[in-house]
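*Asks:* this one's structure only:
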């Protein structure tokens, strides 16, 4: 898919096939996120792959705009590291760029995807942090090659 075609035809998709997503496809989406620009090339993102139905259902109950997670086989939570030393507080823009890259990659790979924001709603941040055991210095910003892929599976 050409870049402009991907940008102009990408849409937020909220209904999904229950079929599992191939791990190689997920890795390609993550690679796209990891190749996003970041301030000073700090790459302050962490990606949590969520493919356990019970967790996806719990998240859909916690987040008022995440009801569609009940029907998806996989979600990726993009988180930012607040301890990024060089460019403090740029993690928000960096994670946003990574999220957009992943949305475009998912579209190119024939997957439906939607961006569901969490940050800066403190209550949702804390609920997801508790549910997924995310450390306090990592912030959930949105419900990727480098062999140093910073990912966690749930």
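*Replies:* Yes, it's here. Just so you know, these numbers come straight off a predicted model, no measurement behind them.
*Asks:* Setting the sequence-adjacent residues aside, check what's closest to residue 68.
*Replies:* Nearest non-adjacent residue to residue 68, counting by Cβ to Cβ, 6 or more residues apart in numbering: residue 14, 4.3 Å away. (Each C-beta comes from the backbone N, C-alpha and C, glycine too.)
*Asks:* wait, what's in contact with that neighbour?
*Replies:* 68, 112, 114 (Cβ atoms under 8 Å, 6 or more residues apart in numbering).
*Asks:* Look at the second one and report its pLDDT.
*Replies:* If I follow you right, that is residue 112. According to the prediction, residue 112 has pLDDT 96.
*Asks:* ok, it - contacts?
*Replies:* By Cβ under 8 Å, 6+ apart, the contact set of residue 112 is 13-16, 106.
*Asks:* The last one too?
*Replies:* Taking Cβ under 8 Å, 6+ apart, we find residue 114 in contact with 12-14, 68.
*Asks:* Compare those residues and tell me which has the most neighbours.
*Replies:* Counting neighbours by other Cβ atoms under 10 Å, residue 68 comes out on top of those with 18 neighbours.
*Asks:* where does the protein dip in pLDDT?
*Replies:* Applying pLDDT under 70 to the chain flags the ranges 142-154.
*Asks:* which residues in it form helices?
*Replies:* For the chain, applying DSSP state H gives helices covering 3-9, 23-34, 53-62, 91-108, 122-132.
*Asks:* Kindly reformat the ones you listed as JSON lines and extend each row with distance to residue 140 and mean neighbour count.
*Replies:* Below are the helices of the chain laid out as JSON lines (distance: least, Cβ to Cβ, whole Å; neighbours: other Cβ atoms under 10 Å):
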{"stretch": "helix 3-9", "distance to residue 140": "26", "mean neighbour count": "11"}
{"stretch": "helix 23-34", "distance to residue 140": "15", "mean neighbour count": "18"}
{"stretch": "helix 53-62", "distance to residue 140": "10", "mean neighbour count": "16"}
{"stretch": "helix 91-108", "distance to residue 140": "10", "mean neighbour count": "21"}
{"stretch": "helix 122-132", "distance to residue 140": "5", "mean neighbour count": "16"}
